[in-house]
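Undergrad: quick one, structure for this:
(2 chains)
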Number of protein chains: 2
Amino acid sequence: MASVRPLQQLLIEPVATLIEELSRLPGIGPKTASRLTFHLLRSSETQSQALAQAIINVKDQVTWCTRCFNIAMSDLCPICADSTRDQSRIVVVEEPLDVLAVERTEVYRGLYHVLHGHIAPLEGIYREHLRIAELLQRLQTEPVEEVILATNPNTEGEATAYLLLKDLAPWGIRVTRLARGLPTGGDLEWADAETLGSALQGRREIA
Amino acid sequence: MASVRPLQQLLIEPVATLIEELSRLPGIGPKTASRLTFHLLRSSETQSQALAQAIINVKDQVTWCTRCFNIAMSDLCPICADSTRDQSRIVVVEEPLDVLAVERTEVYRGLYHVLHGHIAPLEGIYREHLRIAELLQRLQTEPVEEVILATNPNTEGEATAYLLLKDLAPWGIRVTRLARGLPTGGDLEWADAETLGSALQGRREIA
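TA: I've put the predicted structure just below:
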């Protein structure tokens, strides 16, 4: 933010304000914010109106699904509202974007549960900040046979999965997690030792 | 845009629309657009309202200075409207952001002229697309003694400066350009040959 201040002295107010607002977004520094602002200044009235309206609409019209906490426009998200989906499986993810990632694979037809984060005690994020209680609640009322843990394959994701594993143990349902191994299209030579190790441990018979 | 299409099938409409609108901005791909969208979804109503309003205000309230084509809120930009500025010098730049860059140096108290681009015949940008005629017009009505060419130190900027130099020659006024040399804080070892060559040719007596 340090370089925004001198700009504000030189810039006319609406330009300075937009640069400041854009700088608040994650991954957008003052330089990118300036560039975007001047791009919008030069772009058509229609384009910038459409962008402003889209920001307002997303806040006005989008909410969280009361069942799985995915994005939704009404009580239930499109996936929860779809009764043709397999009601016996729940994929647990950290963020709504992860739902999209799994959906894109087109190999899963069950339900989801979005935790909205991962355990990170150093950042002050504990289990009560995640939608874990709501997941356990679902096990009481829904015919769940399998919970598939799909938290991120990093330290925080692993810690979160481990915590969930303990929570889910008493329920006597099947708990699985995504396979570890070589990413498709990858190069053996460039795989890190951890990934290659997982791929070796998880090796499978060629059918 | 390729990865936006599958998202749209899965995503609810307002989210898909915002991702699409953000993807239109320069340097923002579909992945960044998704991240920003979900950030806005999670952020406070106030923050997203402020951003939307700032975008609308910038288009509604900001225009181009009728004299120098810098950003302005009325007929003249704050610099042109300031009669204490040295009216005999004009720094010619490509973009309004360049005005800010020069202002930040705090070593210049004259006026500006913003070309709004550079010559790029391959991209179909010719002299008539730039505010060159308006610059020459100013020489007729304003007490200009020096024009300082501050186009970018790259091929297009150089070509534009060369063109301006030819245009300005008949006017018999002083035409200068920014010095070339080593950037302050730079490392001799890492300077490219062109820059180091300019620094040698432009060497000065130690006072």
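Undergrad: burial count for A:Gln140?
TA: 8 (other CB atoms under 10 Å in any protein chain shown). (C-beta placed from N, C-alpha, C; glycine too.)
Undergrad: just A:Arg203 next, same as before
TA: 9.
Undergrad: can you check A:Leu22 too?
TA: By the criterion of other CB under 10 Å, A:Leu22 has 23 neighbours.
Undergrad: does it touch B:Leu51 like I think?
TA: Yes - using CB atoms under 8 Å, A:Leu22 makes contact with B:Leu51 at a distance of 7.2 Å.
Undergrad: could you chop chain A up by domain?
TA: Residue ranges for the domains of chain A, per automatic domain parsing: A:10-61, A:65-205.
Undergrad: and the helices in chain A?
TA: Listed in chain order, the helices found in chain A under DSSP state H are A:4-10, A:13-23, A:30-42, A:45-61, A:78-81, A:96-105, A:132-141, A:155-168, A:193-201.
Undergrad: ok, back up a step: redo the domains of chain A as CSV? Include distance to B:Ser74.
TA: CSV is the format used below for the domains of chain A (distance: least, CB to CB, whole Å):
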stretch, distance to B:Ser74
domain A:10-61, 9
domain A:65-205, 43
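Undergrad: give me whichever of the ones you listed is most buried.
TA: Comparing the domains of chain A by mean neighbour count (mean count of other CB atoms under 10 Å in any protein chain shown), domain A:10-61 comes out on top with a mean of 19.
Undergrad: re earlier: okay, the domains of chain A in CSV with mean pLDDT and distance to B:Leu111 next?
TA: Converted to CSV, these look like this (pLDDT from 0 to 100; distance: least, CB to CB, whole Å):
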stretch, mean pLDDT, distance to B:Leu111
domain A:10-61, 92, 14
domain A:65-205, 91, 49
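Undergrad: B:Leu139: which of those domains is closest?
TA: Closest to B:Leu139 of those, according to CB to CB: domain A:10-61, at 25.5 Å.
Undergrad: in contact with the closest residue to A:Leu164 other than its chain neighbours, which residues?
TA: Of all residues not flanking A:Leu164 in the chain, A:Leu149 sits nearest, at 5.9 Å (CB to CB, 6 or more residues apart in numbering or on different chains). Contact analysis of A:Leu149 by CB atoms under 8 Å, 6 or more residues apart in numbering or on different chains lists A:Val92, A:Ala161, A:Leu164, A:Leu165, A:Val175, A:Thr176, A:Arg177, A:Leu178.
Undergrad: of these, closest to B:Gly157?
TA: Nearest to B:Gly157 among the contacts of A:Leu149, with distances taken as CB to CB, is A:Leu178, at 50.9 Å.
Undergrad: for the closest one, which non-adjacent residue is spatially closest?
TA: With CB to CB, 6+ apart, the residue lying closest to A:Leu178 is A:Ala150, at 5.3 Å.
Undergrad: wait, the one you found touches A:Arg177, no?
TA: Yes - between A:Ala150 and A:Arg177 a contact is recorded at 7.3 Å, counting by CB under 8 Å.
Undergrad: distance check, the residue most central in space within chain A against chain B.
TA: Centroid-nearest residue in chain A, with CA atoms, centre = their mean: A:Glu95, separated by 2.3 Å. Going from A:Glu95 to chain B by CB to the nearest CB, to the nearest Å gives 7 Å.
Undergrad: ok, now A:Thr46?
TA: A:Thr46 sits 10 Å away from chain B, taking CB to the nearest CB as the criterion.
Undergrad: can you check A:Met73 too?
TA: On the measure of CB to the nearest CB, A:Met73 and chain B end up 5 Å apart.
Undergrad: give the contact list for that residue.
TA: A:Met73 neighbours (CB under 8 Å, 6+ apart): A:Gln61, A:Val62, A:Thr63, B:Ile12, B:Glu13, B:Pro14.
Undergrad: spatially nearest residue to the fourth one (excluding sequence neighbours)?
TA: For B:Ile12, the nearest residue in space outside its immediate sequence neighbours is A:Met73; the separation is 5.0 Å by CB to CB, 6+ apart.
Undergrad: what does the first one give?
TA: Leaving out its chain neighbours, the residue that sits closest to A:Gln61 by CB to CB, 6+ apart is B:Pro14, at 4.7 Å.
Undergrad: right, and the one you found touches A:Asn57 too?
TA: Yes - contact criterion CB under 8 Å: B:Pro14 and A:Asn57 qualify, at 4.4 Å.
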